[in-house]
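A.B. asks: got a sequence here, can you build the structure:
(2 chains)
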Amino acid sequence: DTAVSQTPKYLVTQMGNDKSIKCEQNLGHDTMYWYKQDSKKFLKIMFSYNNKELIINETVPNRFSPKSPDKAHLNLHINSLELGDSAVYFCASSQEWLAGGKHYEQYFGPGTRLTVT
Amino acid sequence: AQTVTQSQPEMSVQEAETVTLSCTYDTSESDYYLFWYKQPPSRQMILVIRQEAYKQQNATENRFSVNFQKAAKSFSLKISDSQLGDAAMYFCAYRSVSGANSKLTFGKGITLSVRP
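C.D. replies: Numbering: from 1, shown residues only, chains lettered A, B, ... in the order given. Modelled structure (predicted):
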């Protein structure tokens, strides 16, 4: 029944390592997002994909590379992890158009807490 | 660029009382959506309520209602009959209607505590 799922929920790793976070949605949505929530709880968009195409790419270091193998999945790969990458990463999805009108709610996954030591 | 401001970092309410959380935003667009999200300690982001800018009527969801003042660019959330489970961080968020700019822009959030 999980709508948007992320794995892993917790990730502890050392500086310099490469890691990936996976996201899957079973809502049939056409658009997926990655948000970062920093230590002060501020949430900011990183990337967005619509039908596997990148449509939003905010100012994010190129060590972060999203990949969308299909419209139900959006993964985030991070190279050469740094201390400042420690945060909670949220995946979200939305359906930009539905028959009968516009629908703009974004549904969030449970978040992945990344700790870089 | 759009900005969202939540100027109160913390608020407290007595159980069963009413509390209002403030939010202002800045945009040059005439059509957009506004949202309030709740984030309890579990960190799950839960949609509380949404408001379409073209609708004059304020949105209501059970004990939650908004006061949307488009000219003043104000979007406050009123929680009636507060419950202990309402304790959480609350985020106000803005998004364009354009599918090409579908990101949510969040305010800094407000921590709501509920006193028994």
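A.B. asks: residues in contact with residue B:66?
C.D. replies: B:34, B:36, B:49, B:51, B:58-60, B:75-78 (Cβ atoms under 8 Å, 6 or more residues apart in numbering or on different chains). Any C-beta I mention is one placed from the backbone N, CA and C, and that applies to glycine too.
A.B. asks: look up phi and psi at residue A:84.
C.D. replies: phi -70, psi -10 (degrees, to the nearest 10).
A.B. asks: and it, what pLDDT?
C.D. replies: In this model, residue A:84 is scored at 94, pLDDT.
A.B. asks: list the residues that contact it.
C.D. replies: Contacts for residue A:84 (Cβ under 8 Å, 6+ apart) come out as residue A:116.
A.B. asks: just residue A:54 next, same as before
C.D. replies: Applying Cβ under 8 Å, 6+ apart, we find residue A:54 in contact with A:47-48, A:66, A:68.
A.B. asks: just those residues now: which is nearest chain B?
C.D. replies: Nearest to chain B, judged by Cβ to the nearest Cβ, of these is residue A:48 at 6.0 Å.
A.B. asks: so the closest one is in contact with residue A:35, correct?
C.D. replies: No. The pair residue A:48 / residue A:35 is not scored as a contact, 9.6 Å apart, by Cβ atoms under 8 Å.
A.B. asks: so does stretch B:41-50 get close to chain A?
C.D. replies: Yes. Contact of stretch B:41-50 with chain A (Cβ under 8 Å from any Cβ of the partner chain) involves B:42-47, B:50.
A.B. asks: count of residues packed around residue A:21?
C.D. replies: Per other Cβ atoms under 10 Å in any protein chain shown, the neighbour tally for residue A:21 reads 23.
A.B. asks: now swap in residue A:2 and tell me
C.D. replies: Residue A:2, neighbours per other Cβ under 10 Å, totals 10.
A.B. asks: with residue B:46 instead?
C.D. replies: 14.
A.B. asks: now it, nearest residue through space, not along the chain?
C.D. replies: Excluding the flanking residues, the one nearest residue B:46 by Cβ to Cβ, 6 or more residues apart in numbering or on different chains is residue B:38, at 4.6 Å.
A.B. asks: just the mean pLDDT for the host helix or strand of the one you found, thanks.
C.D. replies: Using DSSP states H and E, residue B:38 maps to strand B:32-39. For strand B:32-39, the mean per-residue pLDDT is 95.
A.B. asks: ok, now which ones touch residue B:70?
C.D. replies: residue B:53.
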